[in-house]
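1. Sequence first, then the predicted structure, then my questions.
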Amino acid sequence: MSDYKINIVNLNVTNNYVEMTVELEGGKELYYPRISACFYGENDNRILPMDLKSCDKNKAVAIGIFDTPFLFYNDSRSQNVRVDFLFSDGRGENIIIKPEKEIIIPIKKKNKLAHFFSSSKRERSKMIVTALMSALFLPYRKMKVQPNKVTFLSNRSDRLTGNIKAVFFEMTKIENIDITVLCKKGGLKANLPNLFKFFKLYATSSVVFVDDYYHFLSYLKKKDDVKLIQLWHACGAFKTFGFSRLGRDSYLRQSSPNHRQYDYVVVSSNEVIPYYAEGFGVAMDKVIALGSPRCDVLENEDYKKRFKKRFYKENPELKDKKILLFAPTFRGGGMGNCFYPVEKFEVDKIFDNIDDDWVIAVKMHPYLSERPTCSDKYKDRLIDLTSKYDVNDLLFITDLLVTDYSSVIFEASIVDVPMLFFAFDLNEYSRDRDFYCNFASFVPGKIVLNTDEMIDSINNEDYNQELVKPFRKRYFGTKTGEATKNVVEFTKELLDNNV
């Protein structure tokens, strides 16, 4: 029996929209409530966020307005849809709550022409490009899917990295598998020269892997016998993304095709399944907790020894130093539209006030061009490793991780690295970006709001490190060390079913 109940304050259904106001009552105090609507159709389901309007000790009110004909990606029929609600308490607990009186809403068939003219200029442009690309794809759609063909697609880099790299190398060990890799860093324009190669691969591969938003996919309807698997590049989930940002600063509309064509999304643990389902606009049963392949090496002692030997051979001056790894995330929209205020990370002031045996290794997000600087006095103690090493590998030689809102904290928890969270703009970031959980109770380390607090924590070794192991257990469970094997075994089952 749940400690919470949902009351329907208002329900207004039209041919194209449903508007709902709900009141959540808690048997225990509400902490950081988040309410989403769960829609269950005959062949699909979807979670969509609601806007929290008010909250006091034991009661929260949320409002949602939903575009019902385009609720589900592939289903264009008229049908009746049941509605439940997903409640997140801010501490990581997710509960499906059924209203006392069952809600059934009628969904009308899609009117694509009306949808086109009611859309923004940006959306209409995308629909036109979709029609053109679909026409170009028609000859390829007739090509036969090869039962042993697997393709890896990435636009994050010109080479495979992270999760998709780990799965690729393991897949190469399997006999009679035809593997193709298509990598090109950049967006739609940068990848246009590969368009027809992509068409052929997407039409003939039995399984296709991606590790980020791959632009071409959202312009085409996938063939049913091609299985598309999202190996998202990051672990866990605590910053809202994708469709979870509807009504905020996201340009996505509920009807957008982005991400929604995935057959499966691989995540690190059951804990984050609802977040990824909502963010990608897919059914919860398409999100599977097989672990994070990129994290397997973090439990490989031989790999750890090899990397440390290589690292100190290439950087002998760091052999007897304590390494502070500075690895923040970006502010802003994303690739080509982001920044980090490096002046906030006061390198000289930090070095002036901590022991001489500390060095700072910088690992900026790949989207960022900014780098922290220091005076000549400390130039030998500030090392930029952004382009040289994978952040996971650097965790092996890290004595302290200083980050902010980066998902690197999940990987760091596996290695049991002490962490400080330099969250100088926490209120602003929380307002603009938002989190699935309450940041202060979620992070496995101490939060510092300015340079003085950071220095004090470093000098006193005050990191709240006792939070790291429970964090790891919660967000990985037992799914560390064998995630790559799990994904490959799952892929082999899909391939066998296509023979």
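-> Yep, that arrived.
2. ok, the residue lying closest to residue 211 once chain neighbours are set aside to residue 170 distance?
-> Nearest residue to residue 211, sequence neighbours excluded (Cβ to Cβ, 6 or more residues apart in numbering): residue 164, at 4.1 Å. Yep, even glycine has a C-beta here, placed from its N, CA and C like the rest. According to Cβ to Cβ, to the nearest Å, residue 164 and residue 170 sit 11 Å apart.
3. out of these two, which sits in the more crowded spot?
-> Set side by side, residue 164 and residue 170 show more neighbours around residue 164, with 28 against 17, by other Cβ atoms under 10 Å.
4. wait, doesn't the more buried one sit right on residue 231?
-> Yes: using Cβ atoms under 8 Å, residue 164 is in contact with residue 231, at 5.0 Å.
5. how about the strands in the stretch 351-499 of the chain?
-> Assigned by DSSP state E, counting those that start in this stretch, the strands in the stretch 351-499 of the chain fall at 358-362, 382-384, 400-403, 419-422, 446-448.
6. which strands and helices sit next to the second one?
-> Right, strand 382-384. strand 358-362 (3 or more Cβ pairs under 8 Å, 6 or more residues apart in numbering; DSSP states H and E).
7. Kindly recompute the last result at 10 Å.
-> Packing contacts for strand 382-384, counted by 3 or more Cβ pairs under 10 Å, 6 or more residues apart in numbering; DSSP states H and E, involve strand 322-326, helix 347-353, strand 358-362.
8. How about the last one?
-> If contacts are counted by 3+ Cβ pairs under 10 Å, 6+ apart, strand 446-448 sits against strand 419-422, helix 451-459.
9. And the first one, what does it pack against?
-> Okay, so that is strand 419-422. strand 322-326, strand 400-403, helix 408-415, helix 439-442, strand 446-448, helix 451-459.
10. Run through who's touching the last one.
-> For helix 451-459, the external contacting residues (Cβ atoms under 10 Å, 6 or more residues apart in numbering) are 322, 324, 344-347, 349-355, 358, 399-400, 402, 418, 420-422, 424, 445-448, 450, 462-464.
11. What are the boundaries of the helices in the stretch 251-400 of the chain?
-> 273-280, 301-314, 347-353, 391-394 (DSSP state H, counting those that start in this stretch).
12. need the ones you listed in TSV with mean pLDDT, distance to residue 45 and mean neighbour count, can you?
-> Converted to TSV, the helices of the stretch 251-400 of the chain look like this (pLDDT from 0 to 100; distance: least, Cβ to Cβ, whole Å; neighbours: other Cβ atoms under 10 Å):
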stretch	mean pLDDT	distance to residue 45	mean neighbour count
helix 273-280	95	8	25
helix 301-314	95	40	13
helix 347-353	96	49	17
helix 391-394	92	34	22
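13. mind giving me a markdown table with those and columns for distance to residue 32?
-> What follows is the helices of the stretch 251-400 of the chain, written out as a markdown table (distance: least, Cβ to Cβ, whole Å):
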| stretch | distance to residue 32 |
| --- | --- |
| helix 273-280 | 14 |
| helix 301-314 | 36 |
| helix 347-353 | 32 |
| helix 391-394 | 28 |
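14. Identify whichever of those lies nearest to residue 373.
-> helix 347-353 (6.8 Å; Cβ to Cβ).
15. Which neighbouring elements make contact with that closest one?
-> strand 322-326, strand 358-362, strand 382-384, helix 451-459.
16. Check the ones you listed for me: which has the lowest mean pLDDT.
-> When these are compared by mean pLDDT, strand 382-384 comes last with a mean of 92.
17. So for that one, what gets flagged as buried?
-> For strand 382-384, burial by neighbour count (16 or more other Cβ atoms under 10 Å) applies to 382, 383.
18. Tabulate the helices and strands packed on helix 347-353 in CSV, adding columns for distance to residue 202.
-> Written out in CSV, the entries for these read as follows (distance: least, Cβ to Cβ, whole Å):
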stretch, distance to residue 202
strand 322-326, 38
strand 358-362, 38
strand 382-384, 38
helix 451-459, 47
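19. Would you agree residue 124 is in contact with residue 113?
-> No: judged on Cβ atoms under 10 Å, residue 124 makes no contact with residue 113 at a distance of 11.6 Å.
20. For those two, indicate the residue with more neighbours.
-> Between residue 124 and residue 113, residue 124 has the larger neighbour count (other Cβ under 10 Å), namely 14 against 8.
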